[in-house]
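1. need a structure here:
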Amino acid sequence: MHANFDSLTAMPYGMYISAEGAQAQAQRMEVISNNLANVNTPGFKRDVATFQARFAEAIEQGLVPPEQGGVEDIGGGVMLDSVRTDFATGNLQRTGRDTDMAIDGEGFFEILTERGNMLTRAGNFTLSPSGQLQTQSGDPVLSTGGSPITIDSTLGPWRVTPDGGIEQAGAVTLLSLVRPGSLGDLAKAGENLFAPLASVEQVPAAERSVRAGYVEMSGVNATSSMMELIETSRAFEANMQLIQNQDHMIGTLIGRVLQS
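-> So this is what the prediction gives:
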């Protein structure tokens with residue numbers, strides 16, 4: 001909600017700032033609610049909303065220069081500056097399932113989707129009827145050569161090696177473990193998937209570490225997120241209450257003027 005200059009002059013300044021504050025808190029609630037909705041999603045990384053103070057609308061539109069000592073210099077409240085992703089590693093939970101894998105260190109599994117290659121930290125994989133290693137959504141898990149990994153049931157037992165390979169019948173196929181030049185080069189593509197915005201590179205052999213029978217859980221702490229949600233909800237309600245109080249004061253003042 002951004003008022004234009006004309007409406008700003010008509011709207012009490014306190015109401016305007018409260019409206020901006022309510023909108024910012026509402027946006028933060030959306031971010032926290034999405035985090036909580038994915039508290040049990042393996043490999044999910046929580047988002048963090050950050051705010052910054054904003055100029056009054058008249059200054060932002062260039063209608064009034066800043067630092068003139070007018071009411072506009074009070075500021076225009078706060079606004080949502082950005083939503084960044086916290087890439088901290090989630091807890092590694094032991095499952096004992098052969099197809100579950102967790103990266104112990106840097107990197108992402110590379111998978112093939114209808115939208116192209118995507119990256120994920122969620123290693124709760126499954127096997128298709130044909131033996132293809134895939135995600136819970138049915139997307140193939142890729143090898144370092146860029147091909148889907150298939151396990152042939154006719155070749156006997158298989159295992160996951162400590163460096164993230166599938167070993168079967170004496171042969172090892174390495175999973176594609178990649179990392180971007182910067183974590184800022186990743187964009188969320190839904191739940192626990194990330195789309196690379198720039199080229200990625202394979203994790204060096206000496207740094208590859210995968211734990212078999214484990215899954216990296218969500219990076220969301222349910223308790224702290226609930227506390228953040230309560231805090232944000234109260235801040236939103238406080239701003240709304242200020243709007244209502246100011247609206248009542250204006251109504252009372254207008255009524256008295258009309259009666260005089």
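
2. the strands in the stretch 151-260 of the chain, which residues?
-> Listed in chain order, the strands found in the stretch 151-260 of the chain under DSSP state E, counting those that start in this stretch are 158-160, 165-168, 171-174, 177-180, 186-188, 193-196, 200-202, 210-212, 214-216.

3. and Ala122, how many neighbours?
-> Applying other CB atoms under 10 Å, we find 27 residues neighbouring Ala122. Every residue, glycine included, has its C-beta placed from N, CA and C.

4. what's near enough to touch it?
-> Residues in contact with Ala122, defined by CB atoms under 8 Å, 6 or more residues apart in numbering, are 41-44, 109, 135-136, 192, 215-216.

5. Near Ala169, how many residues? Count them for me, please.
-> By other CB under 10 Å, the residues close to Ala169 number 10.

6. Look up how far Asp185 lies from it.
-> 38 Å (CB to CB, to the nearest Å).

7. what does Ile149 give?
-> Taking CB to CB as the criterion, Ile149 is separated from Asp185 by 25 Å.

8. Which one's more surrounded, the two?
-> For Ile149 versus Asp185, the count of surrounding residues by other CB under 10 Å is larger for Ile149: 21 against 15.

9. wait, doesn't the more buried one sit right on Gly131?
-> No. With contact taken as CB atoms under 8 Å, Ile149 and Gly131 are classed as non-touching, separated by 9.2 Å.

10. Low-confidence ranges, the protein, go.
-> Applying pLDDT under 70 to the chain picks out residues 1-14, 16, 53-63, 65-79, 260.

11. now the helices: where do they sit in the stretch 101-250 of the chain?
-> In chain order, the stretch 101-250 of the chain shows helices spanning 222-259, with DSSP state H, counting those that start in this stretch as the criterion.

12. and Ile32, how many neighbours does it have?
-> The tally of other residues near Ile32 (other CB under 10 Å) stands at 24.

13. Next up, the contacts around it.
-> Listed by CB under 8 Å, 6+ apart, the contact partners of Ile32 are 49, 225, 228-229, 232.

14. buried stuff in the helix or strand containing Gln27?
-> Element membership for Gln27 (DSSP states H and E) is helix 13-37. Buried residues in helix 13-37, defined by neighbour count with 16 or more other CB atoms under 10 Å: 13, 15-29, 31-32, 34-35.

15. Stretch 95-114 too?
-> Within stretch 95-114, the residues that qualify as buried are 95, 99-104, 106-113, counting by 16+ other CB under 10 Å.
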